[in-house]
Structures are given as structure tokens and as C-alpha cells.
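1. only geometry, no sequence info:
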């Protein structure tokens, strides 16, 4: 089975840095996705971590620790358009299941 | 490049009516295909996934079924819709178990 936990809501200021954590307990784990979802829209792919460590893509970075069942998404230089839900999804075998998502509000 | 299409974008159906949502992928072969549902204000729930033609795995028991009649076509169906079937239905694809996954634009279904 799977048990995925993320904070429900977070608030940060434009230009700041925010870290969104995800913990999971997933049998047969083979990687972890992060997606961004704006209200009423489909999720947009951000990252997929297979190996331990930090992967950086512009303003967004994602970290994975397989032994700890832990990942985080780091957003730098926050912009108003970053206000959205951020979803972590551990991959197990051929499928992947989503956590509850973290709603991020970026304030001016 | 690969693209994924879902239609229709929105749908209003009466309780008890049938449902057919279609998802197709272009630019790849033998993709893994997925159907998710998102109820209002809730997270994404995995409904079905398929690793090949005619191969369907169901994640939760429900009023829905899925079929994969062709390599790049994934269909979500119901014989009789319930009010609780309302939601945002999303199709996704990936080329293998350790690859990125991408979503279609979704179908917003309202059962009345």
C-alpha cells in the first residue's frame, strides 16, 4: 500500500524561497514525481527523481532520500504565478499515486 | 514530439446515462496509460492503468470500466452514471516505469 503526506497549505512572499515536503511509505518504490496544478487545470510535470540527491531545474529543485521515504520541492524567487497546488506522487511498479497536494499561496 | 488528447473538455450528463471518455496519444508506441479522477477540492485518485493493448488494471472498485482497444487509445466508460461520478477526469501517459508522465487537459464531468 501507500501512505503519502504533504502539508495542506503554505503561504510565502513574492521573491522568497519555499520548501514543500513529502513523506511516503510505498512498497516497490521506483521514483517520485512532482507536479504543479493550477485551479481547474491539468497537472503539469515538474520533476521525476529516481536516485537520491538534489536535481535542479531553473527556479525549481527536487530532492529525494529513498532510505528516509522523503522528498521536497524547493521553489526559489517566488512569483505570483507560482500560486498553485503542488502534488507529490511516488511511483510503484508501473503506476503512480498522488498525495493530497500542498496549496501554495504567494503573496505580494 | 509526443502529444496526448482528451475529449470532450466538459460534459454534463444525467444520472443513469452512459459515459464514454476517450484519450489518445501521438508520437510514441506502447505507452503506459492512466485514468485519474479528481473530485472537487480533492486529490487525484488513480482509477485504471494499462501497460498494453487489452491489459487493464483497476485500482478501486467503482461504477466505471476502462478499455484499450488500440495501442495509443484508452477509453473510460460507464453504463449508468451516478451523481458521485462527477469530477475532473484526467488521462496520463508515460513510456515506461522510470520515465516522466504527462497529462491530457482533462474532462470535467457533471452528473445531474
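-> Sure, I can see it. Nothing here was measured: the structure is a model prediction, and the numbers come from that model. Residues are numbered from 1 along each chain as shown, chains lettered A, B, ... in the order given.
2. in stretch B:9-16, what counts as buried?
-> Within stretch B:9-16, the residues that count as buried by 16 or more other CB atoms under 10 Å in any protein chain shown are B:11, B:13. Using the backbone N, CA and C atoms, a C-beta is placed for each residue, glycine as well.
3. same deal with stretch A:74-81?
-> Judged by neighbour count (16+ other CB under 10 Å), stretch A:74-81 contains these buried residues: A:75, A:78.
4. Quick one: end-to-end distance for that stretch.
-> Distance across stretch A:74-81, first residue to last, is 15 Å (CA to CA, to the nearest Å).
5. Check the offset of it from the chain's centre.
-> Remark: stretch A:74-81 is offset 13 Å from the chain centroid, using CA atoms, centre = their mean, to the nearest Å.
6. ok, residue A:98 - contacts?
-> Residue A:98 sits next to A:4, A:35, A:87, A:88, A:89, B:36, B:43, B:44, B:45, B:46 when contact means CB atoms under 8 Å, 6 or more residues apart in numbering or on different chains.
7. And for residue A:90?
-> A:2, A:4, A:24, A:26, A:29, A:31, A:32, A:33, A:96, A:97 are the contacts of residue A:90 under CB under 8 Å, 6+ apart.
8. can you check residue A:31 too?
-> By CB under 8 Å, 6+ apart, the contact set of residue A:31 is A:48, A:49, A:50, A:90, A:91, B:98.
9. which two in the residues you listed are spaced the farthest apart?
-> By the measure CB to CB, A:90 and B:98 form the most distant pair in the contacts of residue A:31, at 12.8 Å.
10. Now distance to residue A:78 and secondary structure too, for the contacts of residue A:31, in JSON lines please.
-> Formatted as JSON lines, the contacts of residue A:31 follow (distance: CB to CB, whole Å; DSSP: H, G, I helix; E, B strand; the rest coil):
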{"residue": "A:48", "distance to residue A:78": "22", "secondary structure": "strand"}
{"residue": "A:49", "distance to residue A:78": "21", "secondary structure": "strand"}
{"residue": "A:50", "distance to residue A:78": "27", "secondary structure": "coil"}
{"residue": "A:90", "distance to residue A:78": "26", "secondary structure": "strand"}
{"residue": "A:91", "distance to residue A:78": "27", "secondary structure": "strand"}
{"residue": "B:98", "distance to residue A:78": "30", "secondary structure": "coil"}
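11. Kind regards, and thank you for your time.
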